[in-house]
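Undergrad: coords please:
(chains A and B)
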Amino acid sequence: MARADGYTAFVGTPVGRRLASTLGLPRPVPLRRYEPGQPVTEGPVLVGGHGDTPALAALRGGLVAAGVDVVDEAGEDARLAGVVVDLTAAEDPADLESLRALLSPALRRLDRCARVVVVGRHPESASGVAQRAARRALEGVTRSVAKELRAGATANLVLVTEGAEAAALGTVGFLLSARSAYVDGQVVRVGGGSVPDAAVQAERPLAGTVAAVTGAARGIGAEIARTLARDGARVVCVDVPGAGAPLAAVANEVGGTALQTDVTDERAGARILEHATQRHGGLDLVVHNAGITRDKLLANTDAQRWASVLDVNLRSIVRMNETLLAPGALRAGGRVVLVSSIAGIAGNRGQSSYAASKAGVIGLVDGYAADAGLRRRRITVNAVAPGFVETEMTARIPLATREVGRRLNSLSQGGLPVDVAETVAFFAGDGQAAVTGNVVRVCGQSLLGA
Amino acid sequence: MTTTRRAAVLGGNRIPFARQFGPYAEASNQDMLTSALEGLVARYGLAGERLGEVVAGAVIKHSRDFNLTREAVLGSSLSPDTPAYDVQQACGTGLEASILLANKIALGQADSGIAGGVDSASDAPVVVAERLRRKLLRLSRARSTADRAKALAQIRPTDIGIQVPGASEPRTGMTMGQHMAITAERWGITREAQDELALASHHRLATAYEAGFFDDLMTPYLGLTQDQNLRPGTTLDKLASLRTVFGEGEGATMTAGNSTPLSDGAATVLLGSEEWAQAHGLKPLAFFVDGETAAVDHVSGDEGLLMAPAYAVPRMLARQGLTLQDFDLYEIHEAFASTVLSTLAAWESESFCRDRLGLDAPLGSIDRDRLNVTGSSLAAGHPFAATGGRIVATLAKLLAERGSGSRGLVSVCAAGGQGVVAILEAA
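TA: Below is the predicted model of the structure:
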């Protein structure tokens, strides 16, 4: 399914491998990607940390229950599919030695596309300066390990509040699995308030739910629709009337319904809600994916060009959510996933309007996540921020620029639309009630905006 | 099966209509019908669903398309267990298909189904002259080389020639436009009145597009997002400047502007019982109340070729105990502007209603503001068999917007001196 780009395929050949090695060129490998029925990991996962903590116990138990081969120490010869390091008990920077001691020998034994997941506590809830420093240090080490890893392996950090250890299991499971193929060097925050426990994501975790995806006719949106449907959701595929033909094809492929409406239309939110409610009995998940680019240097951007990007990518979301998130609209326990962009984090020359809109999306996540009303209704709001993703849009970038964009990340390759879609599906999962307010980049740890 | 139930119109989908040899020039009837079905399936979430039946047809059909609708179903996302059949009643095909399906649903023989139609004036079958056809068949029957050589030798250069089907009547040799010109003259329909009707059709269709009316009635196809024939900016002056194409001399009134162009396109309508609709989360837009078909003798010249609806409507009204004024909306297919105007004139005529229909009083006039309120074939185009589906879906949506109980009349004239009419009522 996941076809390697030309260069990745070339360096996979003996000649290509030798050449890349001699010239010191990047050596991307085809990433392991999720297929239904696949185990969380293909090999043993080393689980350890600093002290015997509730988190460690919860992780061990949960992973074993999910069928993961959990080991306490790296054997002499065995290849590891992953390492989970629990540093929730770190009190002082000196305690970080536990991380080094566990991880350092294990890194040499990592298999292709292996996973490193570090689990820690939120620095801002630390009781003292030393503890806060230790907690904050985890981000630095995780991001560096992510850059040190080769052959499709990733490293990510999960920050979990006290008492939410079991709730973090879904996140750890996602980061260990092939679903997170292109998520690298990221921090995911779990918890805050009382949170239900989460299991490692099962097959068809979205069965019985109704999802609406805007911009579903093509590219990332179409893949999100496919992935949510694969995970069991009934999908309302939304796109502008002009994209009706590919939209119908996607809707029929995923056994969902097509709704032709422009997200900037003031009735768009009402139409989506009415359609989902009337046809499918309600709405559980909204993915605001519709977006456009009108790239130009700010010096050359007129008001109309500027407004069109802000209208579609940002203002429409606010307007639709007034209806979709009103009491009685999106069901309790519902999920909202927004699509930001690496450009919204790092900025990009010639993309001021796009970057403004995508940074604004992050502001929306912060705002909604802090909304007490939504929290009471257990509605989570998160965003994915794609980096370089192989789509029709990026295929139009000139070759040299495209090659640079594709390689400037720790995995030395572009992501696929499905990688973004998997992260959306992760946020949507039934078990992720404690995951809110996150912006997770799906960028292979791009060097931009790091 | 003594009781009947109401058959509901649940929605529709069509592809934008294209002009002949336009963007759909290379698309076959099967391609277009399949696309229209796919859009409908997507809008109503019917992928993998087994429906009671799909009934559709085309007026201009290749012989290989003997099972056109069934093949379209097999190429769609519907369950392959959905049966299908073709009907053909010239321009009445789409409406007749809807009535057939509605009747089956009313009788409980089907719970759901799709009716529709498709036509391509571009991808038309090319037919060889009758003499050559016979000789070619003889050639194919020949067994020996000698027989084949003999059969081949029979073919003369003068036999070679192809016939592209046109809109001419087999028994009169006259085109539909020529027929209509006679009727228009008989009823004294002026050029100005025809141009005004054409103008209203374009402006109303354009307004409907602007309001997003077709967002849930249409799925773009081959890059076309709205009817290609639509001229939102047309004016009476522009229409008045066109030369006449049908009729002769001073009395000629019919132009390319007030006649429908040859077109390509497809339209479908989803019908179902109320129970089926509810089980699928669908709200009925309108119910089929009645349908009637009439035919007239256009061959002898006793009546105009396209005047049959003038006879069908009063028969249906009498059966329903309704008057012509009891409708909130009228959809009278604009084969030509003069067709609509001649039909209305006939209903207003005391002598016609007395002598032809046997009525005591004329049916009277209608409120023209209720006629073809989102435009009709003059603006949208008229792929023959697709027009009925376009009208039924459009009218059902309009009636639903107007509220429960509002009533609409559909009238479609057809070649062969036929006419198909129906009544819909908002759910």
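Undergrad: what lies in contact with the lengthiest helix in chain B?
TA: What stands out as the longest helix in chain B, according to DSSP state H, is helix B:191-210. The contact list for helix B:191-210 (CB atoms under 8 Å, 6 or more residues apart in numbering or on different chains) reads B:184, B:214, B:226-227, B:230-232, B:234-236, B:239-240, B:244, B:253-255, B:257-258, B:334, B:336-338, B:340-341, B:372-380. Every residue, glycine included, has its C-beta placed from N, CA and C.
Undergrad: which ones, among those, also lie beside chain A?
TA: Counting by CB under 8 Å from any CB of the partner chain, B:Phe214 from the contacts of helix B:191-210 sit close to chain A.
Undergrad: so which residues of the chain form strands?
TA: Using chain A. A:45-49, A:70-71, A:80-86, A:110-120, A:154-160, A:187-190, A:210-214, A:234-239, A:257-260, A:285-288, A:335-339, A:380-386, A:439-442 (DSSP state E).
Undergrad: um, chain B though
TA: B:7-14, B:18-19, B:53-56, B:84-86, B:112-119, B:127-128, B:162-163, B:244-246, B:254-255, B:263-273, B:286-295, B:329-332, B:407-414, B:418-426.
Undergrad: on that earlier part again, looking at the strands of chain A, spot the one closest to chain B.
TA: Chain B lies closest to strand A:257-260 among the strands of chain A, at 3.7 Å (CB to the nearest CB).
Undergrad: just give me how far the closest one sits from the chain centre.
TA: Chain-centre distance of strand A:257-260: 26 Å, with CA atoms, centre = their mean, to the nearest Å.
Undergrad: rewinding a little: now mean neighbour count too, for the strands of chain B, in TSV please.
TA: As requested, the strands of chain B are exported to TSV (neighbours: other CB atoms under 10 Å in any protein chain shown):
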stretch	mean neighbour count
strand B:7-14	28
strand B:18-19	24
strand B:53-56	28
strand B:84-86	20
strand B:112-119	33
strand B:127-128	14
strand B:162-163	10
strand B:244-246	19
strand B:254-255	23
strand B:263-273	31
strand B:286-295	20
strand B:329-332	25
strand B:407-414	26
strand B:418-426	26
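Undergrad: and those, which one averages the lowest pLDDT?
TA: The stretch with the lowest mean pLDDT among the strands of chain B is strand B:162-163, at a mean of 62.
Undergrad: about what we covered before: now render the strands of chain B as a markdown table, adding distance to A:Val117.
TA: Shown next, in a markdown table, are the strands of chain B (distance: least, CB to CB, whole Å):
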| stretch | distance to A:Val117 |
| --- | --- |
| strand B:7-14 | 48 |
| strand B:18-19 | 56 |
| strand B:53-56 | 53 |
| strand B:84-86 | 54 |
| strand B:112-119 | 50 |
| strand B:127-128 | 72 |
| strand B:162-163 | 72 |
| strand B:244-246 | 76 |
| strand B:254-255 | 75 |
| strand B:263-273 | 50 |
| strand B:286-295 | 58 |
| strand B:329-332 | 64 |
| strand B:407-414 | 63 |
| strand B:418-426 | 59 |
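Undergrad: name the residues of the longest helix of chain B that are buried.
TA: B:191, B:193-206, B:208-209 (16 or more other CB atoms under 10 Å in any protein chain shown).
Undergrad: just stretch B:365-378 next, same as before
TA: Buried residues in stretch B:365-378, defined by neighbour count with 16+ other CB under 10 Å: B:Ile366, B:Arg370, B:Leu371, B:Asn372, B:Val373, B:Thr374, B:Gly375, B:Ser376, B:Ser377, B:Leu378.
Undergrad: distance check, A:Val238 against B:Glu210.
TA: 21 Å (CB to CB, to the nearest Å).
Undergrad: thought B:Ala346 was touching B:Phe352?
TA: Yes: with contact defined as CB atoms under 8 Å, B:Ala346 reaches B:Phe352; the gap is 4.6 Å.
Undergrad: from the chain's centroid, how far away is stretch A:255-275?
TA: Per CA atoms, centre = their mean, the centroid offset for stretch A:255-275 relative to its chain is 25 Å.
Undergrad: show me what counts as buried in that stretch.
TA: A:256-265, A:268-273, A:275.
Undergrad: restricting to those, which residues neighbour chain B?
TA: Near chain B, taking CB under 8 Å from any CB as the test, the members of the buried residues of stretch A:255-275 found are A:Gly256, A:Thr257, A:Ala258, A:Leu259, A:Gln260, A:Thr261, A:Asp265.
Undergrad: what is the burial count for residue 276?
TA: You didn't pick a chain, so chain A it is. If you count neighbours by other CB atoms under 10 Å in any protein chain shown, A:Ala276 ends up with 29.
Undergrad: let me rephrase: I mean chain B.
TA: 19.
Undergrad: likewise B:Gly22?
TA: 18.
Undergrad: okay, now the closest residue to it other than its chain neighbours: neighbour count?
TA: The shortest distance from B:Gly22 to any residue other than its chain neighbours is 5.2 Å, reached at B:Gln228 (CB to CB, 6 or more residues apart in numbering or on different chains). Other residues near B:Gln228 come to 20 when the count uses other CB under 10 Å.
Undergrad: what of A:Ala166?
TA: A:Ala166, neighbours per other CB under 10 Å, totals 22.
Undergrad: shouldn't it be in contact with A:Gly62?
TA: Yes: counting by CB under 8 Å, A:Ala166 touches A:Gly62, with 6.9 Å between them.
Undergrad: distance check, A:Ala233 against A:Val420.
TA: In terms of CB to CB, A:Ala233 sits 16 Å off from A:Val420.
Undergrad: equivalent analysis for B:Tyr24, please.
TA: Taken as CB to CB, the span from B:Tyr24 to A:Val420 is 35 Å.
Undergrad: what does B:Leu222 give?
TA: 30 Å.
Undergrad: if you count surrounding residues, which of the two has more?
TA: A:Val420 (29 against 18).
Undergrad: pLDDT at that one, what is it?
TA: Among the per-residue scores, A:Val420 holds a pLDDT of 96.
Undergrad: check contacts around it.
TA: A:Tyr182, A:Ile220, A:Glu223, A:Ile224, A:Val339, A:Val384, A:Pro386, A:Val389, A:Val442.
Undergrad: just to revisit the earlier point, of the buried residues of stretch B:365-378, closest to A:Val172?
TA: Ranked by distance to A:Val172 (CB to CB), the buried residues of stretch B:365-378 are led by B:Thr374 at 56.4 Å.
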